[in-house]
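Undergrad: quick one, structure for this:
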Amino acid sequence: MKKVLFIFSLTAINVYAVNCLDMIQATLYNSANKYHLDSAYIENYGSDFSYYASMKYHYTENNLDSIVRCTNEKCSTIHQRTIEEKTEHSIKTTTYYDKQIIQEENYIIGKDSSFSYIYSPAISEQPEIDYTRISYLRHDTLFTEVWEQPENLLQKNASYFVTPDPNNENICIETSYELSSNPTYKVISPTENGFVISLKDSEEKVFYTLVKSNSSTTILRKKRPIFSAEKTKAFDILGRPAKNKHIVKVKK
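TA: I've put the predicted structure just below:
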């Protein structure tokens, strides 16, 4: 009997024995795998200060329907939602901020690849593509290319790849093709119902949970110095203040 219990215990542990490759597969396309982006604790930067914000992602039938963002005990809802469409060969998700389309992603089933169109903030009734992102998994490495689209011309803006650390499968190394860029180290750790990604030498954390799990991860927020921010900030899709023009406007 003890031996049987021991085997069952090992099985339970192995269910959540995630590593870098699991993270890569989950982030390539979440719904095609078994994990959802559940919550995040992200550092934000100003001209002479920094602060942390927590993000909680809410889903309806596996589709994102809103994000709650909290800073210094003040919370606001980001009305961002996704709609999923499946065919025999692909899975397409369309992301909206309020009623404006901000991203279309197409995941190619069986090819471990996706391409996305990211739209500019609406300046007219007709949405315009700002840039295109192409991602593909080859063996254990995720390659990503970003192509800007100025005046209907494609121009590569950035390219990088993510691969497991050869000495530790629970660490992912994200490296830009630009030689001047320093690699980013992401540590993957199992949780009760998924896994968490932590940036090395940072308090930032991103939580993933099993898609069908009814439980959720609670983010503990630390007290930060009160800061004065503008009423309108520029954020990327994860809620991080954007450093370039590829942004989503979120009113606090």
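
Undergrad: which non-adjacent residue is nearest Ile197?
TA: Spatially, and ignoring its direct neighbours in sequence, Ile197 is nearest to Val206 (4.5 Å; C-beta to C-beta, 6 or more residues apart in numbering). (Glycine included, C-beta is placed from N, CA and C.)

Undergrad: in the helix or strand harbouring the one you found, what's buried?
TA: According to DSSP states H and E, Val206 maps onto strand 205-210. Of all the residues in strand 205-210, those buried under the rule 16 or more other C-beta atoms under 10 Å are 205-210.

Undergrad: greatest separation within the residues you listed: which pair is it?
TA: Lys205 and Leu210 (17.5 Å; C-beta to C-beta).

Undergrad: tell me which of the buried residues of strand 205-210 has the lowest pLDDT.
TA: Here the lowest pLDDT out of the buried residues of strand 205-210 sits on Leu210, with 84.

Undergrad: for that residue, what are its contacts?
TA: Leu210 sits next to 34-36, 193-194 when contact means C-beta atoms under 8 Å, 6 or more residues apart in numbering.

Undergrad: got any ranges where the stretch 101-250 of the chain has weak pLDDT?
TA: Applying pLDDT under 70 to the stretch 101-250 of the chain flags residues 122-125, 149-155, 179-180, 212-250.

Undergrad: tell me if Thr27 really is in a helix.
TA: Yes: assignment of Thr27 by DSSP: H, G, I helix; E, B strand; the rest coil places it within a helix.

Undergrad: gap between it and Asp165?
TA: 17 Å (C-beta to C-beta, to the nearest Å).

Undergrad: looking at the two, which has the bigger crowd around it?
TA: The residue with more neighbours, out of Thr27 and Asp165, is Thr27; 19 against 15, by other C-beta atoms under 10 Å.

Undergrad: so what's that one closest to, chain neighbours aside?
TA: Nearest residue to Thr27, sequence neighbours excluded (C-beta to C-beta, 6+ apart): Leu142, at 7.7 Å.

Undergrad: kindly report the same for Tyr29.
TA: Tyr107 (4.0 Å).

Undergrad: that neighbour belongs to a strand?
TA: Yes: using three-state DSSP, the secondary structure at Tyr107 is a strand.

Undergrad: isn't it up against Gln25?
TA: No: with contact defined as C-beta atoms under 8 Å, Tyr107 does not reach Gln25; the gap is 11.2 Å.

Undergrad: of those two, which one has the most company?
TA: Tyr107 (23 against 18).

Undergrad: pull up the gap between Ile83 and Leu64, please.
TA: 9 Å.

Undergrad: give me the more crowded residue out of the two.
TA: Leu64 (21 against 12).

Undergrad: and the pLDDT for the more buried one?
TA: 89.

Undergrad: you'd agree it is in a strand?
TA: Yes: under three-state DSSP, Leu64 sits within a strand.

Undergrad: just grab the bridge partners of it for me.
TA: On the basis of DSSP bridges, Leu64 is bridged to Tyr59.

Undergrad: how about the one 10 residues further on?
TA: The partner list for Lys74 in beta bridges (DSSP bridges) reads Thr71.

Undergrad: how close does it sit to Val206?
TA: Separation of Lys74 from Val206 (C-beta to C-beta): 21 Å.

Undergrad: what does Ile83 give?
TA: Distance from Ile83 to Val206, by C-beta to C-beta: 23 Å.

Undergrad: and the strands in the stretch 151-252 of the chain?
TA: Applying DSSP state E, counting those that start in this stretch to the stretch 151-252 of the chain gives strands spanning 155-165, 168-176, 184-191, 194-199, 205-210, 232-235, 248-251.

Undergrad: export those strands to CSV and tack on distance to Gln103?
TA: Putting the strands of the stretch 151-252 of the chain into CSV (distance: least, C-beta to C-beta, whole Å) gives the following:
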stretch, distance to Gln103
strand 155-165, 16
strand 168-176, 20
strand 184-191, 22
strand 194-199, 21
strand 205-210, 18
strand 232-235, 14
strand 248-251, 9
